[in-house]
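> Structure, please.
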Amino acid sequence: MQALVWTAAETMEYNVIDKPVPLHHEVLIHVEAVGICGSEIEGYLGHNSLRVPPLVMGHEFCGRIEAAGQDV
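Numbers count the residues shown, from 1 in each chain. A predicted model of the protein is given here:
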């Protein structure tokens, strides 16, 4: 699958990554829209030591459940 990956300060690139497989207590969400928050902007600029590249940012999203683990 394709993902926009933050690779260094002020640098993003499209990469092909493995599609995640949900564990028994997880769901896989097909993301349809995503936003970024202020702390992610600071990370993109290289000002947030909690974010270390490479990283797929965007924890504010919506989508639909594509797969579910056996205990969901």
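> who's in contact with Pro20?
Leu28 (C-beta atoms under 8 Å, 6 or more residues apart in numbering). All C-beta spots, glycine's among them, are computed from the backbone N, C-alpha and C.
> in a strand, that's where it is, yeah?
No - according to DSSP: H, G, I helix; E, B strand; the rest coil, Pro20 belongs to no strand; its state is coil.
> Just the pLDDT for it.
According to the prediction, Pro20 has pLDDT 93.
> How about Gly35?
Reported pLDDT for Gly35: 87.
> okay but it is in contact with Met57, surely?
No - using C-beta atoms under 8 Å, Gly35 is not in contact with Met57; the gap is 10.1 Å.
> These two: who's more crowded?
Shown here are Gly35 and Met57; by other C-beta atoms under 10 Å, Met57 has more neighbours (20 against 10).
> Now do the same for the more buried one: helix, strand or coil?
Looking at Met57 with three-state DSSP, the answer is coil.
> Tell me if I'm right that it and Ser39 touch.
No - counting by C-beta under 8 Å, Met57 stays clear of Ser39, with 9.5 Å between them.
> shared neighbours, the two?
Arg51.
> dump the residue contacts of Gln70.
Per C-beta under 8 Å, 6+ apart, neighbours of Gln70: His24.
> where does it fall, helix, sheet strand or coil?
Criterion first, three-state DSSP; result for Gln70: coil.
> From the chain's centroid, how far away is the lowest-mean-pLDDT helix or strand in the chain?
Ranking every helix and strand in the chain by mean pLDDT, DSSP states H and E puts helix 38-45 at the bottom, with a mean of 91. Chain-centre distance of helix 38-45: 14 Å, with C-alpha atoms, centre = their mean, to the nearest Å.
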